[in-house]
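Colleague: I need the structure of the sequence given here:
(chains A and B)
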Amino acid sequence: MGKIKAKISYDEVMCSVASRELRDREVVFVGQGIPLLAAMLALKAGKKVTLVMEGGIIGFTAYRPPIHIADCTAFTGVECCCEMVDMFGMFLMGGKIDVGFLGTSQIDKYGNLNTSFTKDPKESFRGRIAGSGGANEIAGFAKRLIILLHHGKFMDKLFYRTSPGWLEGGTSRQDAGLPGGPSVLITLDGVFRFEKDTKEMYLDSIFPGRTVKEIKAKVPWDLKINPDLRTEELPTYDEVITVRQFSPNISLGRVRWALCQTDELRRLSTKNIQLCEKYDILDSLSTSRMRKTPPTENLFPIDELPPPD
Amino acid sequence: MTEPEVYDKVMTMKEAVAKFVHDGDTLGIGACANNIPYSAVHEIIRQKKRKLHAVQPTSMFEIDMMANANCLREVSFSWSIRMISGVRGIDRAIKEFGIKINDYTNYTCALALMAGAYHMPFLPCTESVYQSDIYNWAKRDNEAMFSRIQNPFSKEKKEVTLVQAINPDVAIVHVQRIDKKGNAQSWGALGTARHTAMAAKHVIVSAEEIVDDEIVKKSPNQTIIPSFYVDAVVQEPWGAHPTEVLGYYDFDRIIVAQYISASGTLALFEKWAGEWIYGLENREEYVKYYIHKFGFDALNRLKAKQMLSSPYNLGSTFQTEMQKLGVKLEDIDANPDLIEMEIETGKEI
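Modeller: Take a look at the predicted model:
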């Protein structure tokens, strides 16, 4: 029998690469969406990580993607529940959090993040993105920060700095009295790390099928490239199955999830909502919409990869 | 045994909001994404309260709804969910109704409420805020949210960033259960519920059920707000719908999706609110209308299955006479002949 080809998306590559960044015995402060999905992959792969979420949830295993930062109904069991101030004030400030795991909308060359505004809200009321949430302190105080840029942008200068990265590079972060700092950025194209002294971002490895030229075009400054540029390994069959089983739907961001929900609802009459719920159509359509593939391809949560073409 | 004076806290949401929420008040919403007191929020909108200042670190749709309904003059928060049109009620309300938005981070907003709860004027917060535009923009706009002072205990004369306390006039909180006296019990992620309630002058608590105080006394660590903080006790099943309440029901996407699309324009919102807020008298009608519209199964599928907590021992060496006999007061009340006296000889001193 010849080899069977399985189709995967760059979202899935991103998840699996991000999950490999986590190490045993680490306490990971996870954000919503892909960070959580990647953390679940790491758990599945047998890594002994403790996951925490800012709503006040510590040590959980999820059986479906939580809808927001305090969604206890998504978990099969939680080791500790507490309050939000404890989460930040004690655990994060106390240096108990090894890894901060965040998504962002905009990033500059020193890993500073913007998740708040693209325009001044006084001038345009369409400028607000989401706001800081817990991002500012997670970026400021986690020992190590993993950043995911899913549909965001590289910026020469941020319009608004929500969360501190390496600030102006060099020792500026240390001088400001902040511990830790960004350690890695993962996009849909590759993996970026930060130089030891200048703290400037460089391209460390790329995903199969992507080119340096393509990546350079997305970055407004002259991006440095690792001389020993590696190509990342593709996810394993197991990893892809885990991603798809766990989260065929909303793991890939609340915005898109919300978009699809409403979009779908417009087409639904009240009668067939139950039918949709039954087959999880609301969920699966969101994935297909996001990937711009026809809905038939991903209609149901699949436990097998699509057949070869 | 009856204490009528402590039981008069039990009231309807209509009474509670009319009595404790006034135009111009600072309103603390004691929930971060779960257990959101939607029944109180809807009642505030229904009673057309105006010029409120809403405080809540992470907001799902409640602040947005109130902004759309022109209930707000000011919002202090750190995060809000994005809407389908790219424009939220709060964004539009900046233009339409001139509301002011104070941007915090989750931690600093929670700290402001914590400072309020501990009756401190301010609390030191983090350097990461000082290194961000959250601080810079607050300074630029002359907001009195943050400040810097020299740490008097620091030999190197280091500076610290401070966040000013927030003391809401009234807090609204939704919990799992409460007794008639007002001891509110909740479990799961607690967010900022405790500090919001304890920072506020008045507290309205809605609960999925009002339980016997015996139940509260058998799980005292679950009590997040003691009775003397609570001004109004409202029994409101499905009171946090469409968000989830652990152990009772899950998040409801259907109604949320409807709201997200309705928030696109003010006209659409008015239509939605006419159907789901203004058109209904109270939460009971809301639930009935939901069943009427989507069917009983649609509501039923959200109901939580049972996973009971493990019991723990609250006993000591001491036992009351009734505990020794294994009877309860209400058993004796119901059946006065339950206890029969019997003389035991040999017990004389």
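
Colleague: List the contacts of stretch B:39-48.
Modeller: Residues outside stretch B:39-48 that contact it (CB atoms under 8 Å, 6 or more residues apart in numbering or on different chains) are B:13-14, B:16-18, B:21, B:27, B:29, B:52, B:62, B:65-66, B:69, B:71, B:172, B:174, B:204, B:206, B:234, B:236, B:238-240, B:273, B:276-278, B:280, B:282-283, B:286. To be clear about C-beta, it is placed using only N, CA and C from the backbone, and glycine gets the same treatment.

Colleague: and whichever residue of the stretch 1-150 of chain B sits closest to chain A, what does it touch?
Modeller: Of all residues in the stretch 1-150 of chain B, residue B:128 sits closest to chain A, at 2.5 Å by CB to the nearest CB. Residues counted as contacts of residue B:128 (CB under 8 Å, 6+ apart) are A:136, A:137, A:139, A:140, A:141, A:163, A:164, A:178.

Colleague: burial of residue B:69, as a residue count?
Modeller: When counting by other CB atoms under 10 Å in any protein chain shown, one arrives at 25 neighbours for residue B:69.

Colleague: how about low-confidence regions in the stretch 51-200 of chain A?
Modeller: By pLDDT under 70, the stretch 51-200 of chain A has no low-scoring segment.

Colleague: Quick one: the helices in the stretch 201-349 of chain B, in order.
Modeller: For the stretch 201-349 of chain B, the helices defined by DSSP state H, counting those that start in this stretch cover B:213-217, B:253-262, B:266-273, B:283-294, B:296-300, B:321-325, B:329-334.

Colleague: out of those, nearest to chain A?
Modeller: Per CB to the nearest CB, nearest to chain A of the helices of the stretch 201-349 of chain B: helix B:253-262, 3.8 Å.

Colleague: Please flag which of the contacts of residue B:128 sit within helices.
Modeller: Among the contacts of residue B:128, the members falling in helices (DSSP state H) are A:136, A:137, A:139, A:140, A:141.

Colleague: would you turn the residues you listed into JSON lines with distance to residue B:132 and neighbour count?
Modeller: Formatted as JSON lines, the ones in helices among the contacts of residue B:128 follow (distance: CB to CB, whole Å; neighbours: other CB atoms under 10 Å in any protein chain shown):
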{"residue": "A:136", "distance to residue B:132": "6", "neighbour count": "32"}
{"residue": "A:137", "distance to residue B:132": "10", "neighbour count": "31"}
{"residue": "A:139", "distance to residue B:132": "9", "neighbour count": "29"}
{"residue": "A:140", "distance to residue B:132": "8", "neighbour count": "31"}
{"residue": "A:141", "distance to residue B:132": "13", "neighbour count": "26"}
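
Colleague: Tell me the one of the residues you listed nearest residue A:83?
Modeller: Proximity of the ones in helices among the contacts of residue B:128 to residue A:83 (CB to CB) peaks at residue A:137, which lies at 14.6 Å.

Colleague: my read: that closest one touches residue A:92, true?
Modeller: Yes: if you go by CB atoms under 8 Å, residue A:137 and residue A:92 touch, sitting 5.8 Å apart.

Colleague: Now do the shared contacts for those two.
Modeller: Common contacts of residue A:137 and residue A:92 (CB under 8 Å, 6+ apart): residue B:107.

Colleague: returning to that earlier point: which of the contacts of residue B:128 lies closest to residue B:333?
Modeller: Nearest member of those to residue B:333, counting by CB to CB, is residue A:137, at 54.2 Å.

Colleague: Close to chain B as well: tell me which of the contacts of residue B:128 qualify.
Modeller: Near chain B, judged by CB under 8 Å from any CB of the partner chain, the entries from these are A:136, A:137, A:139, A:140, A:141, A:163, A:164, A:178.

Colleague: Nearest to chain B within chain A, name that residue for me.
Modeller: Using CB to the nearest CB, residue A:140 is the residue of chain A that sits closest to chain B, at 2.5 Å.

Colleague: Quick check: nearest residue in space to that residue, chain neighbours excluded?
Modeller: residue B:128 (2.5 Å; CB to CB, 6 or more residues apart in numbering or on different chains).

Colleague: Double-check that that neighbour belongs to a helix.
Modeller: Yes: judged by DSSP: H, G, I helix; E, B strand; the rest coil, residue B:128 forms part of a helix.

Colleague: Isn't residue B:160 up against residue B:122?
Modeller: No: Residue B:160 is not in contact with residue B:122 according to CB under 8 Å; the separation is 10.2 Å.

Colleague: neighbour count winner among these two?
Modeller: residue B:160 (19 against 16).

Colleague: In the sheet, which strands lie alongside the helix or strand where that one lies, parallel or antiparallel?
Modeller: Per DSSP states H and E, residue B:160 falls inside strand B:159-164. Counting by DSSP bridges, the strands paired with strand B:159-164 are strand B:122-124 (antiparallel), strand B:146-150 (antiparallel).

Colleague: can the following helix or strand past it be found next to chain A?
Modeller: Heading C-terminal from strand B:159-164, the first helix or strand you meet, by DSSP H and E, is strand B:170-179. No: counting by CB under 8 Å from any CB, chain A is not contacted by strand B:170-179; separation bottoms out at 11.5 Å.

Colleague: Mind giving me the PyMOL command for buried ones among the contacts of stretch B:39-48?
Modeller: In PyMOL, a selection of the buried entries from these looks like this (16 or more other CB atoms under 10 Å in any protein chain shown):
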select buried, chain B and resi 13+16+17+21+27+29+52+62+65+66+69+71+172+174+204+206+234+236+238+239+240+273+276+277+280+282+283+286
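
Colleague: Out of the contacts of stretch B:39-48, which sit inside strands?
Modeller: B:27, B:29, B:52, B:172, B:174, B:204, B:206, B:234 (DSSP state E).

Colleague: This completes my enquiry, with thanks.
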